[in-house]
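1. Sequence isn't available, so here's the structure alone:
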């Protein structure tokens, strides 16, 4: 399941910004989709690592809050060490929300009630 695409990033932040961020990392003028795809992949890994503490994977649907978290984190990763205060604050806000999701203080709502997964319960200790 593709949680987010480069086109989604462009829709959220504009082609000019995404291509400039890609160029800053890759040195390639005119955009470098592989750079954004790598940032998206890393952002998905970060988001899923928090979500998986409360929900079984794969998720039944990609909710807007999940897409938004991945988008914000991917953008932050594309900025590398040059993030503006706004970009950094958005990232910190999403990380805070993800921490709340991971401990059950914030919940994910899926579009179809039948798709609502059972929350994982337990100690987090697995015996094999």
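-> Thanks, I have it. Computed from a predicted model, the values in this text were never measured in an experiment.

2. hmm, who's touching stretch 39-49?
-> By C-beta atoms under 8 Å, 6 or more residues apart in numbering, the list of residues contacting stretch 39-49 from outside reads 3-6, 9, 57, 66, 69-71, 73-75, 77-78, 98. For glycine as for every other residue, the C-beta is placed from the backbone atoms N, C-alpha and C.

3. can you pick the most crowded of those?
-> When neighbours are counted by other C-beta atoms under 10 Å, residue 74 leads the contacts of stretch 39-49 with 30 neighbours.

4. how close does it get to residue 24?
-> 14 Å (C-beta to C-beta, to the nearest Å).

5. By mean pLDDT, flag the weakest helix or strand of the protein.
-> Every helix and strand in the chain was compared by mean pLDDT, DSSP states H and E; the lowest is helix 15-26, with a mean of 95.

6. burial of residue 56, as a residue count?
-> 12.

7. err, residue 39, not the other one
-> Residue 39, neighbours per other C-beta under 10 Å, totals 26.
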